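Participant: okay, sequence plus prediction incoming.
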Amino acid sequence: MTKQRYIRGSIGCVLASVIVACSLTASVQAKDKQAPHVKINKNPYPSSYTALPSVSTLITNVTIIDGNGGIIEGGAIGLMDGKITFVGLDIPKIKFDLTIDGTGKWVTPGIIDVHSHLGVLSLTVHRLAQ
């Protein structure tokens, strides 16, 4: 029995050595090969937005929620070339094609989600403070 165990053990060691040698050879060969250069598209989903023709617009006398928890009472928002150009109390000396009186209205510039909960806490705190 001991002779059979010896033979089995020797065969097992030889097989293990062969397996280790093969795997080392394969890993050395893999290191010698360079991986192909892959070019990654940094902008896979480019914007398809095109600004519609518009006129410069000034919205005045609105309550503005700034998105950071701040509220501006009686503020103004300026829009030019399809973009928000300013938000605040100080209206720059620019000629606007259209002026909208927003008295009694609330505006959240930049938030376009029609079902947004941003600013809900600010509104509650503002109403409780009155």
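Facilitator: Received, thanks.
Participant: can you give me the domain assignment for the chain?
Facilitator: Residue ranges for the domains of the chain, per automatic domain parsing: 1-33, 57-129.
Participant: for the closest residue in space to residue 77 that isn't next to it in sequence, list each beta-bridge partner.
Facilitator: Nearest residue to residue 77, sequence neighbours excluded (Cβ to Cβ, 6 or more residues apart in numbering): residue 59, at 4.6 Å. (C-beta placed from N, C-alpha, C; glycine too.) For residue 59, the beta-bridge partners are residue 77, residue 100 (DSSP bridges).
Participant: residues contacting residue 59?
Facilitator: 76, 77, 78, 79, 99, 100, 102, 107 (Cβ atoms under 8 Å, 6 or more residues apart in numbering).
Participant: quick revisit: now the weakest link among the domains of the chain, please, by mean pLDDT.
Facilitator: Ranked by mean pLDDT, these bottom out at domain 1-33, with a mean of 61.
Participant: check which helix or strand residue 19 maps to.
Facilitator: helix 2-32 (DSSP states H and E).
Participant: what about residue 41, neighbour count?
Facilitator: Using other Cβ atoms under 10 Å, residue 41 has 7 other residues around it.
Participant: coming back round to it: distance to residue 52 and neighbour count for the contacts of residue 59 - can I get that in JSON lines?
Facilitator: Converted to JSON lines, the contacts of residue 59 look like this (distance: Cβ to Cβ, whole Å; neighbours: other Cβ atoms under 10 Å):
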{"residue": "76", "distance to residue 52": "22", "neighbour count": "23"}
{"residue": "77", "distance to residue 52": "18", "neighbour count": "22"}
{"residue": "78", "distance to residue 52": "17", "neighbour count": "20"}
{"residue": "79", "distance to residue 52": "12", "neighbour count": "19"}
{"residue": "99", "distance to residue 52": "20", "neighbour count": "13"}
{"residue": "100", "distance to residue 52": "17", "neighbour count": "16"}
{"residue": "102", "distance to residue 52": "21", "neighbour count": "19"}
{"residue": "107", "distance to residue 52": "20", "neighbour count": "18"}
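Participant: for burial, what's the neighbour tally of the closest residue in space to residue 55 that isn't next to it in sequence?
Facilitator: Leaving out its chain neighbours, the residue that sits closest to residue 55 by Cβ to Cβ, 6+ apart is residue 97, at 3.7 Å. Residues contacting residue 97 under the criterion other Cβ under 10 Å number 10.
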